[in-house]
Structures are given as structure tokens and as C-alpha cells.
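**Q** Below are the sequence and a predicted model for it; my questions follow.
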Amino acid sequence: MRFRILAQIIIVLMILSSSINAAGFDHFITTEGYRLMDGDQNFRFLSYNIPNLNFIEDAMDFERSHPFALPTAFEMRDAMESVRQTGGNVIRIYTIPVRRKTDTYDVPRYVLAPGEFCERAFVTMDTMLALANETGVRLILPLLNAWKWMGGRPQYAAFRGKTAEDFWTDPQLIDDFKKTIRFVITRTNTVTGIPYSEDKSILCWETGNELPCPHSWTKIITTYIKTLDANHLVMDGYNAINQRTVREEALTESGIDIVTSHHYETNPADVLVNIESNLKVVQKRKPYIIGEFGFLSTTALTHIIDYIIKKKDVAGGLIWSLRYHRHDGGFYWHSEPLGYGLYKAYHWPGFDSGNEYDEKNLLAVIRQNAFAIQGNPAPPVPVPESPLLLPVSHVASISWQGSVGAGGYDVERAESPDGPWKIVGYNISDAAVQYHPIFHDASAELGSVYYYRVIARNQSGKSMPSNIAGPVRVQEQSIIDEMENRMVAYHMNGDLTFQSNDDRKFKEDMVRLQGEKGSCLIYQTPGSITRIKIFAFAESENPTLSITAAKDNHAYSAINIQRTSYFSGTGDYAYWRPVCYESNPSDKSVQYIKIEFLEQTQISRIEINYRE
């Protein structure tokens with residue numbers, strides 16, 4: 001009984017902690033020469049870009065037709081608390097998303113048309129600002145994107161049947177953008193009641209992300225921003241990638257308070273040369289921020305970070321990029337288009353799934369230096385808070401909302417909610433599987449009834465147990481094949497290769513099995529098969545898999561298959577067609593499944609349920 005009471009207390013605490021207490025900051029960030037100031041204190045930072053903080057482009061659940069969504073309060077809080085735990089105190093978001101012609105009605109962009117806005121989306125931004133005040137994170141808010149990814153300059157132009165180049169000079173397009181600026185800056189937060197123009201969590205407005213704009217346009221926009229908001233700084237979002245691009249005009253323009261540059265040079269020596277070149281132009285006249293940098297080795301990034309810290313005329317640097325825990329368990333994943341097929345968005349505190357780009361070591365380096373740039377030693381990583389175990393309907397579908405800073409989780413099982421508890425999963429990573437249940441209790445015995453709880457762990461210790469889920473009646477067990485190796489299938493034959501590249505095309509699944517025409521897989525279960533579900537990708541619109549079943553691995557016969565496609569176009573990343581093959585065999589004696597490849601197909605996951 002005492003365990004049930006403890007679990008109920010934990011749930012109440014979690015609910016209370018999900019509410020928002022926007023205590024806020026004492027000062028707006030200001031400038032003093034080349035320095036940013038928080039009151040009378042120099043304000044410097046090493047932190048992260050989180051492009052999906054206000055708008056998700058990575059909702060890659062297999063059965064979703066598009067990847068766009070609004071983050072929950074849990075997700076935004078997780079992002080900010082992760083940054084704080086890494087020593088960061090600033091987050092730069094990506095942009096204010098604008099509707100694209102290809103959007104379906106349910107894509108929640110912020111700007112729907114000139115002067116027309118999605119209130120549901122802006123309530124999300126209200127929550128984001130409230131959480132920033134609560135967690136002590138300052139936000140850099142770009143108002144426009146030069147690129148198409150989340151919608152921006154090309155979409156504003158398209159609303160009026162004009163070109164992206166018209167955007168800089170066309171009075172109608174400039175006025176349309178001003179409508180967005182006015183709506184944003186003059187908005188009153190529905191969560192806190194504070195007007196955006198008076199919200200101290202906003203470090204600065206940025207005219208936009210990587211804008212190839214003439215300075216005449218920048219002057220119009222910065223002047224307009226300053227007429228609406230006398231409290232916040234304005235950063236020039238002029239295109240500043242891989243070169244010396246801080247313009248002299250920005251340094252003499254009174255409406256611009258901060259200048260910036262972005263760096264993705266392949267040679268780290270070129271990064272330093274170009275930053276130094278910018279500094280020679282700036283000459284300590286205004287604060288200078290390295291707004292984006294990354295996609296280099298840990299050794300190279302450590303060298304660049306050391307340089308940023310030593311250069312007092314660099315106010316701060318922002319690594320590209322970090323993603324946070326999902327509300328439904330696990331993390332959001334993002335393969336970087338410019339990341340050479342290697343780099344993905346980072347997940348705090350780093351996991352084995354990021355070994356290829358040295359995630360754990362790099363994030364440790366960033367944390368050490370994020371505190372150092374503020375003149376502080378890095379404290380020990382705190383013991384994680386308790387995770388929230390999500391409802392468990394099947395022993396193969398166990399997931400939880402992750403805890404900030406947790407490197408792994410122990411899954412415990414009992415036959416009573418009062419225990420005794422047994423570990424059935426030790427140090428389980430919630431970054432090992434993409435957009436599927438985190439854990440399968442393969443040791444659960446058919447016919448049993450169980451209760452589950454989860455404990456988060458890291459190098460500093462273990463959390464209190466999560467809430468308890470149960471009773472869970474084990475009416476079926478499962479074979480789950482994540483396609484990591486050949487050891488789950490009963491037999492494999494033909495031209496079969498494991499693929500781990502171009503993950504974005506395949507719903508970010510990191511490992512798939514590719515089969516060519518004529519290849520086959522066979523799975524065997526110790527009981528009668530009740531359900532089969534195959535998550536596949538193909539370029540062809542035709543069925544590319546044939547599935548048959550047998551009792552004895554000899555006389556295979558056809559079974560009814562439901563084939564469902566979740567394809568909505570190739571999009572920006574040349575997506576393959578996600579197709580689910582599912583069956584509930586009527587013959588209760590079936591114990592073997594054969595999957596034959598009719599055309600080239602990649603399979604990311606196979607689930608086979610069975611009974612005694």
C-alpha cells in the first residue's frame with residue numbers, strides 16, 4: 001500500500017511541476033559597447049540552437065502523414081531544462097513558421113496568410129516564453145526565414161504571386177511582413193499576461209535567419225521594430241554563412257544592436273579565420289554573436305569554443321543543434337541536411353546512438369565550457385527527476401516521458417503494486433529507438449499479471465521510482481525486430497543489406513534492412529501467431545512485399561494482408577513511401593511467417609505477436 005501512496009504522490013508532484021510559474025528576470029539584456037549586459041553584469045554564453053522549440057518539424061511517427069506539430073509544455077520545459085543543465089542560458093529558435101502551398105489543413109503554421117495568424121500556434125509561443133522566464137533561459141527570436149523549410153520569405157512572396165527576390169523591395173510584401181512583426185511584438189501573452197514587448201526572457205529580436213537582404217530592407221525593418229518595442233535589442237539576420245559577412249552598414253545603423261555570423265566551413269581553420277575577419281570589421285563597436293556553428297569533430301569544436309571564450313569581444317556562441325524528449329516517449333530526431341550524412345541533432349546528455357559523432361564526449365565539453373564562459377566551474381550533473389511512465393497496454397509497448405539528464409532507465413516489474421520489484425530492463429536508453437515504444441519486456445510470462453515502474457539514472461545517482469502502470473495482463477508475447485542485426489529472424493536469404501544512411505528519407509529510423517527482389521525473411525514463434533505488423537519503405541507505389549504463413553515451415557499459404565500507405569509526397573528530403581503491412585491470421589496453428597521481396601524495399605521494424 002505504501003508504494004501505491006508514494007506513486008500517487010509522485011503523480012501529483014509531476015502534475016504540479018507541469019504548471020508554469022513565470023517568475024521572470026530582473027533586467028532586459030542591454031549593450032555596453034561590444035558587451036551584452038544583464039544589469040551591471042557582463043552577459044556571455046555558450047549554448048544551443050533549438051530549431052523546433054516553437055514548431056516541430058520532426059514528428060516522424062510512422063503513421064503520421066506529415067512531420068509538423070506544436071510542442072507540448074512538457075517538451076518545451078524539457079528543452080529548456082536540458083540547456084540549463086548543460087550550462088547554457090540562451091536558446092535561439094529558428095523562425096516564425098509560414099504556411100506553405102503543400103500544407104494540409106492540419107499543419108499548424110503560425111502565419112496562415114498576410115495578416116492572418118494561427119492562435120493555437122501563438123498560444124504555444126506564449127507557453128514557450130512563460131517557461132523561459134521560469135527556467136531562466138533567454139530567447140533569440142528570428143522573425144523571418146530566408147529558406148523554405150518552415151516557411152518564410154518564399155511563402156510571403158507566394159501569397160501574392162510574387163518571387164522571393166521581390167520580398168526585399170516590393171512595398172506590399174514588406175507591409176505583409178510588417179503585419180507579422182506587429183502581431184508578434186504587440187501580442188499579450190495569454191499565459192502570463194505580459195506583452196511580448198515587455199517580456200525580459202526575450203534576449204533580442206533577430207530580423208531573420210540567414211537573410212540575403214539589401215541593407216535598405218534591414219533598415220526599414222529594424223526601424224519598424226524599434227517603433228513597436230523600445231525594450232529589446234535587435235540583431236541583424238543578414239546572411240552570414242562561412243565568410244566575412246558583417247556589413248559596415250550594420251555597425252553604423254542605430255536600429256541594429258547586435259551582429260552575427262554562421263559557420264559551417266569544412267576546415268576548422270577557416271572558421272577561425274572568418275570569425276577573426278568579422279571581428280576586425282566590428283572593432284568592438286557592437287556585440288558580436290556566433291549564431292550557428294557545428295558539424296565538426298570534437299577536437300575541432302573544442303578548439304573553436306576555446307577561441308570564443310578567450311575572445312572577450314565575442315559575446316557568445318550557439319551550437320547547432322539540440323532536440324528534446326517527446327511527450328510520447330523517446331526523443332525527436334533530425335538528420336542534418338548539411339551534416340555530410342553523419343551529424344544529427346544532439347540529445348542531452350549524449351547516448352550510444354550518437355557515438356558516430358561523439359555525442360557524449362562533445363556534450364560534456366560544451367557543458368564544461370558553457371559554465372566557464374560565465375566564470376563558473378561546472379557543477380556535478382544533478383540526479384534526474386522521476387520519469388513519467390505512460391499507460392502500458394502490452395508488454396512490448398512500454399514507454400515513458402524521459403527525465404532531463406538521464407543516461408538510462410531501469411524498468412522494474414512486480415506481481416503486486418506493493419512489490420517486491422524486479423529489474424527486467426537495466427540502464428535502458430530512451431535514445432536507442434526512433435518513434436517506437438522504448439522497451440519490450442521479453443521475459444514476461446504468458447498468463448501473468450504485472451505492474452511496472454521506471455527509475456532514471458545517471459552518473460550522479462538514481463531518481464525516485466516513477467508512477468506505477470498496471471495491471472498488465474500478458475495475453476500475448478512478441479518478437480520485435482528493430483533490424484539491428486541478423487539474430488532475430490529465423491532465416492534470411494538473398495540480397496539483404498543493413499542500411500544506416502539517409503535516415504531522413506525513412507522517418508529517421510537509424511537502421512533498416514534492405515532487400516532486393518527475390519530475397520526473403522522467415523520468422524518463427526513459440527506459439528500461434530495472432531498479429532503481424534511490418535514497417536516498410538519503398539519507392540514504388542505498388543506492393544513490394546509478399547507475406548505468407550505456415551504451421552511447419554514447409555507449406556506456406558497466403559494470408560489476408562492490410563497494406564496502408566502513409567505517403568504524402570517526397571517533400572523536401574526525397575522521402576520514400578512509408579507502408580505498413582498488417583495481418584491477423586485466422587489460422588491459429590500458424591507459427592512461421594515468410595516475407596518475400598517483390599521489389600527493393602527497406603524494412604525498419606517487424607512486430608509479431610503470439611499466444612500459447
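**A** That came through, no problem.
**Q** And the strands in the stretch 301-450 of the chain?
**A** Here the stretch 301-450 of the chain has its strands, by DSSP state E, counting those that start in this stretch, at 316-320, 388-389, 400-401, 408-414, 422-428, 449-458.
**Q** Which residues does the fourth one contact?
**A** Taking C-beta atoms under 8 Å, 6 or more residues apart in numbering as the criterion, the residues outside strand 408-414 that touch it are 387, 398, 400, 402, 420-430, 439, 441, 444, 450-458, 462, 465. In this view, the C-beta of every residue, glycine as well, is placed from N, C-alpha and C.
**Q** And the host helix or strand of Glu596, what does it pack against?
**A** Counting by DSSP states H and E, the element that carries Glu596 is strand 592-597. Under the contact definition 3 or more C-beta pairs under 8 Å, 6 or more residues apart in numbering; DSSP states H and E, strand 592-597 sits against strand 520-524, strand 528-538, strand 545-550, strand 601-611.
**Q** ok and that strand relative to strand 520-524, angle-wise?
**A** Here strand 592-597 points in a direction 160 degrees away from that of strand 520-524 (axes from the mean of the first three to the mean of the last three C-alpha atoms, to 10 degrees).
**Q** related to what we said a few turns ago, buried among the contacts of strand 408-414? Make that a PyMOL selection.
**A** The following PyMOL selection, which keeps only the buried ones among the contacts of strand 408-414, applies the criterion 16 or more other C-beta atoms under 10 Å:
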select buried, resi 387+398+400+402+421+424+425+428+429+430+439+441+444+450+451+452+453+454+455+456+457+458+462+465
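**Q** Please determine how far Gln600 is located from Ile522.
**A** Here Gln600 is placed at a distance of 19 Å from Ile522 (C-beta to C-beta, to the nearest Å).
**Q** again with Ala73
**A** Taking C-beta to C-beta as the criterion, Ala73 is separated from Ile522 by 46 Å.
**Q** and what of Ser589?
**A** Going from Ser589 to Ile522 by C-beta to C-beta gives 17 Å.
**Q** Give me the more crowded residue out of those two.
**A** The residue with the greater number of neighbours, taking Ser589 and Ile522 and applying other C-beta atoms under 10 Å, is Ile522; the counts read 18 against 11.
**Q** Not counting its neighbours along the chain, what's nearest that one?
**A** The shortest distance from Ile522 to any non-neighbouring residue, by C-beta to C-beta, 6 or more residues apart in numbering, is to His491 (4.1 Å).
**Q** for Pro437, same thing?
**A** Closest to Pro437 by C-beta to C-beta, 6+ apart is Ser397, at 4.2 Å.
**Q** for Trp320, which residues make a bridge with it?
**A** Note on Trp320: beta-bridge partners by DSSP bridges are Asn49.
**Q** er, Ile258 I mean
**A** For Ile258, the residues forming beta bridges with it (DSSP bridges) are Met235.
**Q** what separates Tyr34 from Ile289, distance-wise?
**A** Taking C-beta to C-beta as the measure, Tyr34 and Ile289 are separated by 11 Å.
**Q** Give me the common contacts of these two.
**A** Jointly contacting Tyr34 and Ile289 under the rule C-beta under 8 Å, 6+ apart are Ala315.
**Q** quick one: which of these two has more around it?
**A** Per other C-beta under 10 Å, whichever of Tyr34 and Ile289 has more neighbours is Ile289, with 25 against 17.
**Q** doesn't the more buried one fall inside a helix?
**A** No - read with DSSP: H, G, I helix; E, B strand; the rest coil, Ile289 is strand and lies in no helix.
**Q** next structured bit after the helix or strand of the chain with the lowest mean pLDDT?
**A** Of all the helices and strands that make up the chain, the one with the lowest confidence by mean pLDDT, DSSP states H and E is helix 2-18; it has a mean of 39. Remark: after helix 2-18, the chain's next helix or strand is strand 29-32, criterion DSSP H and E.
**Q** tell me what that following strand is packed against?
**A** If you count contacts as 3+ C-beta pairs under 8 Å, 6+ apart, strand 29-32 packs onto strand 35-38, strand 233-235.
**Q** out of those, nearest to Gly350?
**A** With distances scored as C-beta to C-beta, the stretch of the helices and strands packed on strand 29-32 nearest to Gly350 is strand 35-38 (28.7 Å).
**Q** Direction included, what does the closest one pair against?
**A** Strand pairing for strand 35-38, determined by DSSP bridges: strand 29-32 (antiparallel), strand 41-42 (antiparallel).
**Q** returning to that earlier point: for the strands of the stretch 301-450 of the chain, could you give me TSV that also reports mean pLDDT and distance to Val511?
**A** Formatted as TSV, the strands of the stretch 301-450 of the chain follow (pLDDT from 0 to 100; distance: least, C-beta to C-beta, whole Å):
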stretch	mean pLDDT	distance to Val511
strand 316-320	98	25
strand 388-389	98	26
strand 400-401	98	23
strand 408-414	98	20
strand 422-428	98	17
strand 449-458	98	24
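**Q** Dump those to TSV, plus distance to Ile534.
**A** Conversion of the strands of the stretch 301-450 of the chain to TSV gives the following (distance: least, C-beta to C-beta, whole Å):
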stretch	distance to Ile534
strand 316-320	35
strand 388-389	28
strand 400-401	26
strand 408-414	26
strand 422-428	24
strand 449-458	27
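**Q** so which of those strands comes closest to Glu484?
**A** For the strands of the stretch 301-450 of the chain, distance to Glu484 was read as C-beta to C-beta. The smallest value, 14.7 Å, belongs to strand 422-428.
**Q** Just the angle for that closest one relative to strand 449-458, thanks.
**A** Between strand 422-428 and strand 449-458, the angle formed by their directions is 40 degrees, by the same axes, to 10 degrees.
**Q** Show me the contact partners of strand 422-428.
**A** Taking contacts as C-beta under 8 Å, 6+ apart, the residues outside strand 422-428 that touch it are 407-414, 438-439, 441, 443-444, 457.
**Q** contacting residues around Cys118?
**A** Pro108, Arg109, Tyr110, Val111, Leu112.
**Q** Show me which of those is closest to Gly151.
**A** With C-beta to C-beta as the yardstick, the closest approach to Gly151 among the contacts of Cys118 comes from Arg109, at 5.8 Å.
**Q** pLDDT below threshold where in the protein?
**A** For the chain, applying pLDDT under 70 flags the ranges 1-19, 21-23, 240-244.
**Q** Tell me which stretches of it form helices.
**A** Defined through DSSP state H, the helices belonging to the chain, from first to last, are 2-18, 73-85, 119-135, 153-159, 171-185, 215-228, 248-252, 268-282, 298-310, 359-372.
**Q** Tell me which of those helices lies nearest to Ala555.
**A** When the helices of the chain are ranked by proximity to Ala555 (C-beta to C-beta), helix 359-372 comes first, at 48.9 Å.
**Q** which residues touch the closest residue to Asp430 other than its chain neighbours?
**A** Nearest residue to Asp430, sequence neighbours excluded (C-beta to C-beta, 6+ apart): Gly402, at 4.8 Å. The neighbours of Gly402, taking C-beta under 8 Å, 6+ apart as the test, are Asp78, His325, Gly329, Gly330, Phe331, Pro387, Tyr409, Asp430, Ala456.
**Q** Would you mind confirming that the last one is in contact with Leu388?
**A** Pointing back at Ala456 there. No - counting by C-beta atoms under 8 Å, Ala456 sits too far from Leu388 to count as a contact (10.4 Å).
**Q** rewinding a little: which one of the strands paired with strand 35-38 is the most hemmed in?
**A** Each of these was assessed for mean neighbour count using mean count of other C-beta atoms under 10 Å. The highest is strand 29-32, with a mean of 17.
**Q** chain center to that one: distance?
**A** Counting by C-alpha atoms, centre = their mean, to the nearest Å, strand 29-32 is centred 31 Å from the centre of its parent chain.
**Q** same thing with stretch 38-45?
**A** Centroid separation for stretch 38-45 versus its chain: 29 Å, with C-alpha atoms, centre = their mean.
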